[in-house]
Structure formats: structure tokens, C-alpha cells
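>>> A predicted structure for the sequence below; I have some questions about it.
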Amino acid sequence: MRVLLLRPAARERFGLGPFFRVEPLGLEYLGAALQREAHEVEIRDLRLGSALGRRTPDLVGLSCIHTLDVPETLALARRVKQRWPAAFVVVGGPAAAADPAQFESRDVDAVGLGAGERTLPRLASALARGELSGSITGFRLRGRDLVRAVSDEDDGIDPALLPARELVAGHRKHYRCVHRAPIWAVETGRGCPFRCAFCAVGRADSYRARDVDAVCRDLAEVGGDVFVVDDLFFYPRERSRELARALAARGVKKRWLLVQTRADTVARSPELLQAWRPLAERFDLFFGFEAATDRALSALQKDATVADSEAAVLLGRELGFGVTGNFVVDPDWGERDFEDLWALLERLRLDRVGFTVLTPLPGTDYYEQARARLAEQDLARFDMHHVLWEPRLGRRRFYELMVESWKKNVLSSGFASRRWLSWFRGIGLSEALALAGVLYRTQRLMNVDAYLDDTFPPELPALLTE
């Protein structure tokens with residue numbers, strides 16, 4: 001089969017999308033799995049150009065990672081069908097698996113319900129033989145009952161598989177994190193055992209680990225600047241310790257590593273952080289701190305405390321890690337909640353911090369709680385920067401306080417300018433220009449009217465009748 005895998009373009013109104021662009025690693029894994037079964041594979045990243053290519057594919061796979069990508073993915077499926085009516089179109093990715101019904105369209109032949117590394121090659125082979133039937137597991141087929149992948153073999157990743165990175169080699173220079181380019185994406189495991197109310201990733205049985213040997217080979221082969229895309233790094237502890245030992249034994253060391261993890265995981269694992277720290281010259285930790293009080297953390301089902309956040313920041317600094325954190329700002333907050341956030345920020349003294357609007361994403365507990373309140377139906381605005389219903393304080397006051405939160409950290413031109421200057425020292429011209437572009441773009445995050453101009457329209461008053 002000739003297989004074309006597409007990463008749709010992104011509709012980015014706010015945020016740092018152009019400056020934090022990661023290679024389509026999931027598609028690279030799918031490409032490797034398909035090539036192993038002798039299928040011909042091409043990957044096109046439409047964030048970097050709109051051309052679909054000239055060769056007529058038999059099977060087209062679209063990656064829908066985020067809820068905000070749903071409209072663009074459906075539009076792309078329609079474009080593909082118009083150009084190649086006979087092509088079999090399948091949509092996969094976290095957003096598709098979380099809510100497959102939203103892709104019930106004549107332009108989409110199947111929706112993937114799992115990782116796809118095992119199931120997509122079987123689907124491609126069945127299509128090649130002309131034997132597609134309802135017995136194909138791991139997909140929702142158009143017009144048929146939902147068929148769920150129920151076994152690890154169907155739903156899991158292929159632990160020993162290495163990504164087919166050569167399929168995106170021509171785009172490598174475009175994958176960046178702020179001023180670092182190119183960066184490489186590496187995955188050591190997928191999923192998270194926690195079940196935060198707002199997160200579509202976690203569930204008790206969702207974590208799958210890649211083989212230690214495969215991860216070591218992958219990390220040894222990629223470049224010096226690496227973003228580890230794991231939903232939860234340093235987990236599970238004993239396996240993470242085994243991986244750190246294996247990398248050290250092979251002499252694998254990187255110039256820069258960025259990982260995502262939880263504050264409570266770090267706070268309780270000083271020996272694990274000590275084992276990992278020598279493996280990179282610069283090692284950055286990204287935390288989802290989420291909330292500034294234990295009450296708010298409990299409401300989010302975070303299973304962590306503010307004390308964990310403070311302990312993690314302190315430990316990270318003591319061991320020489322860079323620390324970045326994010327907080328979710330709840331539309332139901334009052335002014336006191338913002339004051340609690342600012343008080344914690346003052347204690348943490350973070351150089352880098354971000355704020356996103358608490359957003360109900362399909363597949364989460366929070367979505368089920370909030371769906372009746374939604375005033376905004378455009379999924380492209382489910383980007384964690386837009387409010388989707390009228391906030392408790394009203395839109396203007398809510399965004400005034402959110403902007404004030406931004407102004408209390410490093411993105412404000414009036415805050416810590418010496419840190420800005422320190423970032424520019426020791427980097428090349430192209431890196432400096434990229435960093436300047438980031439600082440320019442982020443100024444929109446501190447413009448109240450920019451937010452207000454891009455939210456759902458105010459409700460019209462009811463018409464008076466005699």
C-alpha cells in the first residue's frame with residue numbers, strides 16, 4: 001500500500017506554536033511500523049507547507065492530537081477525498097480517540113481508538129488484500145458500530161520500535177523550542193496513571209513503556225537538544241532509574257534535555273533526579289503546577305499539594321535543573337483566587353511560568369461536568385486561551401487579572417529585563433532573532449482586548465414583544 005501520513009496545519013491565535021514546534025513523532029512511529037510490513041510511507045507536516053504531494057496514496061492517515069485541531073482535521077479529510085476519492089482516510093491521535101463520534105463524516109472512513117503502531121499496519125494489509133471487515137479491531141469504521149481495541153496488543157505501543165525519522169529529515173531545521181533549533185523529540189513511555197479531571201491523557205491502565213535498549217539507541221542517535229515527550233517523566237521510578245543507569249553506562253549525554261513531570265513525583269525522588277542530572281549539560285523540568293491552593297488542586301483531582309510544588313522547585317534548583325511551570329486559570333475564579341496565585345508565584349520565584357485557561361476537553365471528567373455551560377462551540381477555540389462561557393468575574397475583569405498574572409513574570413517588558421539580556425548572551429544571531437520573535441509574540445498574551453475580540457459574542461437581549 002502507498003500510505004500518506006499527514007500532520008494538519010494548526011490554527012494558532014495565541015501561544016507559542018511557531019516557536020515550540022515538535023516533529024510529528026507519533027507519525028514517525030507509525031511510519032516505521034508500516035515500513036516493517038513493506039508498505040510505502042510518506043509523511044507531510046502541513047504546519048510547514050500546504051502541499052499534499054503528487055503521488056496518489058491508497059491510505060491516508062491524519063493525526064489529530066488536540067481538540068482545537070478537530071476542525072482543521074475534518075477540513076483536511078475533505079480536501080484529501082476531493083483530490084483522491086478512492087483513498088481510504090483514517091484519523092487517529094489523542095483527540096480522535098477521546099471522541100471518535102465527532103469524526104462521523106463521509107470524508108473519514110475510520111477513526112483510530114488506540115496507539116496504532118500495531119493496528120494501522122494490520123488495517124493497511126487488510127485493505128491491500130481487499131478483506132476489510134468489521135473484524136478489524138482498534139478502529140471505528142464509518143457507519144458501523146464502535147469497535148474498541150480491548151487488548152494490550154491492540155491498544156498499546158510497540159515497545160521495541162524505533163521511529164522512522166528519515167521521513168521528516170527535510171523538515172528537521174524547522175523543529176524548535178524557542179531559540180533552540182533543531183530539537184529532537186524522544187519518547188520513553190506513553191500515558192499517565194493519574195486521572196486529573198481536566199486531562200484526557202490519564203487513566204489507571206494507560207501507561208506503556210518503551211524498551212530500555214530501544215530508548216538508549218534512540219537517544220544515542222538523535223542530536224544534542226532533546227524534548228522528551230513523555231506525559232509523565234521519572235515514572236515509574238525503578239524503570240526510570242534503570243534507564244538512567246543504562247544511558248550512563250553507554251556514555252549517552254545531551255547538550256539539553258526538557259522533560260514533563262509532576263511536582264509530587266519530583267519532590268519524592270531526589271535520588272532519581274541525582275541519577276539523571278549528569279546526562280545533560282542543561283536539564284529543564286516542566287511542571288503542571290495547575291493551582292495555588294490545596295483546595296483548588298483537590299477540585300482538579302490533581303492528587304498533589306502546594307507543598308509538593310514548593311518542594312519540587314527547591315529540589316530542582318538545588319540539583320541544578322531549570323524549572324518551568326504552568327497554572328490553569330479557572331473561569332469560575334474570584335479575585336481572591338488570583339491573589340492566591342500571585343502569592344504562590346512570589347514564593348516560588350519562577351523565571352519561566354505560563355498560564356492557560358482551564359478548558360473542558362472531550363474525554364475528561366471536567367468536560368462532562370461543564371458541557372452544559374458551553375457558550376462557544378468552535379473547537380478551534382478549545383486552545384486553553386479562550387473562555388468558553390461567561391466567567392464569574394465577567395470576561396473583561398477575568399482577562400485583566402489573567403494579564404496581570406503574565407505581567408508578574410518574565411514575559412513582561414517591565415519585569416526582570418536582566419534575565420532577558422542573560423538569555424541573549426552566548427547565542428548566535430539566528431537564535432537571538434528567534435528569541436526576539438518569541439518575546440514579541442508573547443506581548444499579545446498581555447493584551448486584554450486581544451482576548452475579548454476573539455471570544456464568543458455577548459448574548460443578545462431577548463426581543464421585546466407587545
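Received, thanks. Numbering: from 1, shown residues only.
>>> Number of residues surrounding residue 78?
The tally of other residues near residue 78 (other Cβ atoms under 10 Å) stands at 15. Just so you know, the C-beta spots here come from the backbone N, C-alpha and C atoms, and that holds for glycine as well.
>>> what's the distance between it and residue 54?
20 Å (Cβ to Cβ, to the nearest Å).
>>> Residue 323 is in contact with residue 314, isn't it?
No - with contact defined as Cβ atoms under 8 Å, residue 323 does not reach residue 314; the gap is 9.4 Å.
>>> Name the residue in the two with the higher neighbour count.
Applying other Cβ under 10 Å to residue 323 and residue 314 shows that residue 323 carries more neighbours, namely 21 against 13.
>>> doesn't that one fall inside a strand?
Yes - checked against DSSP: H, G, I helix; E, B strand; the rest coil, residue 323 lies within a strand.
>>> How about the contacts made by it?
Shown in contact with residue 323 (Cβ atoms under 8 Å, 6 or more residues apart in numbering): 284-285, 287, 312-313, 316-317, 350-352.
>>> Buried ones in stretch 137-146, by neighbour count?
For stretch 137-146, a neighbour-count test (16 or more other Cβ atoms under 10 Å) marks 137-142 as buried.
>>> Just send these back as CSV, with secondary structure, distance to residue 8 and pLDDT too.
CSV is the format used below for the buried residues of stretch 137-146 (DSSP: H, G, I helix; E, B strand; the rest coil; distance: Cβ to Cβ, whole Å; pLDDT from 0 to 100):
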residue, secondary structure, distance to residue 8, pLDDT
137, coil, 26, 81
138, coil, 21, 85
139, strand, 19, 88
140, strand, 19, 87
141, strand, 22, 85
142, coil, 19, 83
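>>> how about a markdown table for those, with distance to residue 24 added?
Formatted as a markdown table, the buried residues of stretch 137-146 follow (distance: Cβ to Cβ, whole Å):
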| residue | distance to residue 24 |
| --- | --- |
| 137 | 24 |
| 138 | 20 |
| 139 | 20 |
| 140 | 22 |
| 141 | 24 |
| 142 | 24 |
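>>> Name the nearest of those residues relative to residue 370.
Lowest distance from residue 370 to these (Cβ to Cβ) belongs to residue 140, with 24.8 Å.
>>> Does that closest one touch residue 110 like I think?
Yes - under the criterion of Cβ under 8 Å, residue 140 is in contact with residue 110, at a separation of 6.6 Å.
>>> Now residue 451. Its backbone dihedrals?
Residue 451 adopts backbone torsions of phi -70, psi -50, taken as degrees, to the nearest 10.
>>> Let me see the contact set for it.
14, 385-386, 395, 399, 402-403.
>>> Most neighbours among those, please name it.
residue 402 (25 neighbours).
>>> Can you verify it is assigned to a strand?
No - judged by three-state DSSP, residue 402 forms no part of a strand; its state is helix.
>>> I'd guessed it sits against residue 356; true?
No - here residue 402 does not reach residue 356: they are 9.6 Å apart, not a contact under Cβ under 8 Å.
>>> Find the residues that touch each one of the two.
Contact criterion Cβ under 8 Å, 6+ apart; residues shared by residue 402 and residue 356: residue 329.
>>> Burial check on the closest residue to residue 370 other than its chain neighbours, number of neighbours?
Using Cβ to Cβ, 6 or more residues apart in numbering and skipping the chain neighbours, the partner closest in space to residue 370 is residue 360 (4.1 Å). Applying other Cβ under 10 Å, we find 21 residues neighbouring residue 360.
>>> distance of residue 360 from residue 98?
Taking Cβ to Cβ, one finds residue 360 at 12 Å from residue 98.
>>> In stretch 323-336, which of the residues would be classed as buried?
323-331, 333.
>>> what's the average pLDDT for stretch 321-331?
The average pLDDT for stretch 321-331 rounds to 96.
>>> Just the CA trace of it, in PDB.
Output of stretch 321-331 as PDB, limited to C-alpha atoms (Å, rounded to 0.1, in the frame of the first residue of the first chain):
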ATOM      1  CA  PHE A 321      17.800  21.800  37.000                       C
ATOM      2  CA  GLY A 322      15.900  24.600  35.200                       C
ATOM      3  CA  VAL A 323      12.300  24.900  36.400                       C
ATOM      4  CA  THR A 324       9.300  26.000  34.300                       C
ATOM      5  CA  GLY A 325       5.700  25.700  35.400                       C
ATOM      6  CA  ASN A 326       2.200  26.200  34.200                       C
ATOM      7  CA  PHE A 327      -1.000  27.100  36.100                       C
ATOM      8  CA  VAL A 328      -4.600  26.700  34.800                       C
ATOM      9  CA  VAL A 329      -6.800  29.700  35.400                       C
ATOM     10  CA  ASP A 330     -10.400  28.800  36.200                       C
ATOM     11  CA  PRO A 331     -13.200  30.900  34.700                       C
END
